[in-house]
Each structure stands twice: as structure tokens, then as C-alpha cells.
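**Q** any chance you can model this:
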Amino acid sequence: MNKLNRRRFLKGLGVTVSLPWLESIASRSVRGEEPVEPPQRMLMISNNLGILSTPFFPENTGKDYQLSPYLNELADFRNDFSVISGLSHPDVAGGHSTENCFLTAARGPTRSGFRNSISLDQYAAEALGPVTRFSTLNLGVNIDKANRSLSWTRDGALLPAEDRASVLFHKMFVQEEAKAIKQHLQRLEERRSILDVLMDDTRKIEIRLGQEDRARLDQYLTSIREVEMRLESEREWELRPKPVTDQPEPQDIQDQKLFFEKFDLMLSMAQLALESDCTRIVTLMVDAFATPAFQLHEGQQTSDGYHNLSHHGQAEEKLAQLEDADRQQMGLLHKLLQNLASKPQGDQRLLDYTSVLYGSNMGDANTHDNTNLPILLAGGDYQHGQHLAFRHDENAPLCNLFVSMLQKLGIETDEFGSSTGTLSGV
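**A** Predicted coordinates:
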């Protein structure tokens, strides 16, 4: 297959690679041309031990709800977020075993032979196509890379999270030397040659197959075509210069005890990735389970590791430390919203084009309960400024919110995971 035929083949599959959204393009409206709408983005954050529910959830509902103690930390952005109670994933129970299912909703994580399903970010990336250099970025804080991730492939394979800010920065902004680019392009060409051989071999046997085997072969060919598209996209992006940033290269924080500093750093990297249009989809898993005793404030450390603190048994000392940690996380979320709001995007703010989901697979880590999950949705130009409350004895599917988020991205779908539709009220 020559290059021209390959290009036609890929175009026939609907493959396109678009340029990043630029202010100069949007300004065409000043010249009387049709303005270009900035793209929507998603940032999904999960702390796998959750937060204390009583100081998080408001007591009343609707638009006139009174801010809870935790939400007071976000008072400046009251009209830019919604807090949602009464959501969970049906048949996703088993305490900590659910931590990898937050964005997948795969049922029965404790059952024998359990296999995860595709995560929300990867589903969205597949639907959007290669519109940015990175289809998604999967980040972590104190992450156990071998066992935990928010991102999972369609086949249920874990996608390791990156917890080194310097590596992310290099991927996004440091231009490789010509020699390194050439070597990478050669490797891509070798992989494409292998795919060509596979395609030729499968076509030779196709005519001898029955209907059922043809269906299996079609699935196999579809997988090859998807790899073809990814390789072509990767090649196109490899030939383009990377964006420029005036931000200095970050220094990695190795000490797991500096939990909030690491969390803050990875949030800043997520923001940088979104505003530079390196990607439009970011996940961030805060692995509190793997976090040892950590620094609450300078000169003050927790009395135990995060996991043991979460099993507080109503002990006042542990509850006080957890509340302190939760409030600091709300403070980091406030800083993120503030930064996104300060970045212009067309005639609005980057925050208005970024759906920020903060939540957890844990409704109550103390009792290993996976219902009534703490969920906060900010930005994205939804109907914010409200407490949406669903039944606490019969939760609405969290995936209904996921469908609403996918539609906000411009993806035409009415289902994902265990959804029964969109989430009413957002």
C-alpha cells in the first residue's frame, strides 16, 4: 500500500487531524467572518478514599441551598459549580476494589474473573478522534502504577498514570532533536509495515471463512484499522512543532509525604495541558490509599497513613486530621477554578469550556460504602449554582452524569456504562 493510497484509505475512514484552537482564529469575527467556537474540555479528578460526607454535602437542595463547611472554601465560585448527591454505580461495590471503576462503572469488581471496561476518558477520546497531540493524559498523585488508574482501554487493560511533572512537561513542550524525530518516524513506519502484512494475510483467508468467522475477522480488521489511524495521527503530530510555553520546567516532588504539594503540582500540569490544547481530556487519580503519614502543615504530620485515618471509627483526632486534609483539597480545587477562570477563551473563560469533575468511588471509606458518592461538577457552562439531590436509598446512576458530560463535549451518544439517560438538572 503506497502513501497516497494509505492517505485515501484513512480519509475514507473519516480520519482528520485538526489544529489547536487559537485566539487568532477566533478573532476572525472581528473581521466579519464567522467566529470559531472554542472546544470543550474535561478534567476528571478522583481521590480513592473520598472525603467526609457530612461537612461536604449541603443540608438543603436547589438553587438556594446553604453552602456546607467544605463548599465554603469554593464560595467565590458558587455559580460555577454544582454539588450532586445520591449518585453511584449500580452493582459496583466492594470497598477499595471499586477504585478502578470510578470512570468505567464496570459491574462486580470483586467477582471471580472480573474484567474492567472502557473508561469515560478513553471513550471520549475514541469519539473525538486525534484532534490534539495527546488524545488524553492520565495523571496520578502518589499513584501505585501497577494496580491503580482512572484510565482503562476498551479491552479492560489498565493505562498507567504519569506522576512525574517533568516527564509531562517534556512530552508537551520540549521539541525533540531532528535525529530523535527521524528515529521515531522510522519506528512508526516499521509498525505500519507490520500492519500491512497482517491486512494482506487476513484478506487471503477471508474468502474461505463462514459467516460467524467472518464476523470475528471483521472485529480483528477493525482493530487493525484503529491502530492504523493512531499511527497516522502520531506521525502527523510528530512532524508538527510543539506549542511554546513561558512556564519553567517543573521540579518533580519525590516525597510522598508532601501530598498537597504533589496534588497542587499535578493540577497545574493538567491546567497547562488543557490551556495549551495539548489535550482536551485529562484524568487525575489521587491515590490516598498508597499515601503514608503525610504533612498537614509545615512542622505538622498526620498521626497515621491516609488509609488508616480513613477508618476513623469516629475517633475525634482522626476526624480532625481528615477534615483538615479535605479542606486543603477544597482549597486546591478553588485554586484550579481560579486559574481556569483567569484564562480567556474567546469572549469567555477557559473554565466555561472545561468540565471539571471532582469525586470518589468511596461514599464512606470508614465503612467501605460505595453509595452516595461525593460528586462536584464545575465549569463547562452547565446550569450551576445548585445542589442536585437524588434518592439516597436508591441512587441514580453516576453514568447519567457521564453521558451529559460526553454530550457537552459534542459527542452524540445517549448511553455509557450503566446509564439510563442523561442527568436531569445539569
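
**Q** look at residue 93 and report its pLDDT.
**A** Note for residue 93: predicted pLDDT of 97.

**Q** number the chain from 642, please
**A** New numbering, starting at 642: the last item is residue 734.

**Q** quick check: closest non-adjacent residue to it.
**A** Excluding the flanking residues, the one nearest residue 734 by Cβ to Cβ, 6 or more residues apart in numbering is residue 1011, at 4.9 Å. C-beta coordinates here come from the backbone N, C-alpha and C atoms, glycine included.

**Q** in contact with that neighbour, which residues?
**A** 729-730, 733-736, 739, 1002-1004 (Cβ atoms under 8 Å, 6 or more residues apart in numbering).

**Q** filter those residues to the buried ones?
**A** 729-730, 733-735, 739, 1002-1004 (16 or more other Cβ atoms under 10 Å).

**Q** closest to residue 779 out of those residues?
**A** Of all those, residue 779 sits closest to residue 1002, with 16.2 Å by Cβ to Cβ.

**Q** can you tell me the SS state at that closest one?
**A** coil (DSSP: H, G, I helix; E, B strand; the rest coil).

**Q** report the separation between it and residue 750.
**A** 9 Å (Cβ to Cβ, to the nearest Å).

**Q** and for these two, which residues touch both?
**A** Counting by Cβ under 8 Å, 6+ apart, the shared contacts of residue 1002 and residue 750 are 733, 739, 742.

**Q** wait, which of those residues is closest to residue 897?
**A** residue 739 (22.8 Å).

**Q** now that closest one: closest residue in space that isn't a chain neighbour?
**A** Among residues not flanking residue 739 along the chain, residue 1002 sits closest, at 4.3 Å (Cβ to Cβ, 6+ apart).

**Q** which stretches of the chain form helices?
**A** Along the chain, the segments classed as helices by DSSP state H run 644-653, 664-667, 761-769, 806-814, 819-847, 852-879, 900-916, 947-951, 957-982, 1039-1049.

**Q** relative to helix 1039-1049, how tilted is the third one?
**A** Right, the one you point to is helix 761-769. Relative orientation of helix 761-769 with respect to helix 1039-1049: 30 degrees, computed using axes from the mean of the first three to the mean of the last three Cα atoms, to 10 degrees.

**Q** what packs against helix 761-769?
**A** In terms of contacts (3 or more Cβ pairs under 8 Å, 6 or more residues apart in numbering; DSSP states H and E), helix 761-769 is packed against strand 682-688, strand 922-927, helix 1039-1049.

**Q** can I get those in CSV including distance to residue 911?
**A** What follows is the helices and strands packed on helix 761-769, written out as CSV (distance: least, Cβ to Cβ, whole Å):
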stretch, distance to residue 911
strand 682-688, 6
strand 922-927, 5
helix 1039-1049, 16
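
**Q** so what's the residue found closest to residue 719 once you drop the neighbours it is linked to in the chain up against?
**A** The shortest distance from residue 719 to any residue other than its chain neighbours is 5.8 Å, reached at residue 1026 (Cβ to Cβ, 6+ apart). Each residue near residue 1026 by Cβ under 8 Å, 6+ apart is listed here: 704, 719-723.

**Q** the same query, at a cut-off of 7 Å, please.
**A** 704, 719-720 (Cβ atoms under 7 Å, 6 or more residues apart in numbering).

**Q** nearest to residue 918 among those?
**A** Once Cβ to Cβ is applied, the member of those that ends up nearest residue 918 is residue 720, at 26.2 Å.

**Q** ok so, going back, dump the contacts of residue 1026 to CSV, plus distance to residue 804.
**A** Listed next are the contacts of residue 1026 as CSV, based on distance: Cβ to Cβ, whole Å:
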residue, distance to residue 804
704, 39
719, 32
720, 33
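
**Q** and of the residues you listed, the nearest to residue 941?
**A** Nearest member of the contacts of residue 1026 to residue 941, counting by Cβ to Cβ, is residue 719, at 30.4 Å.
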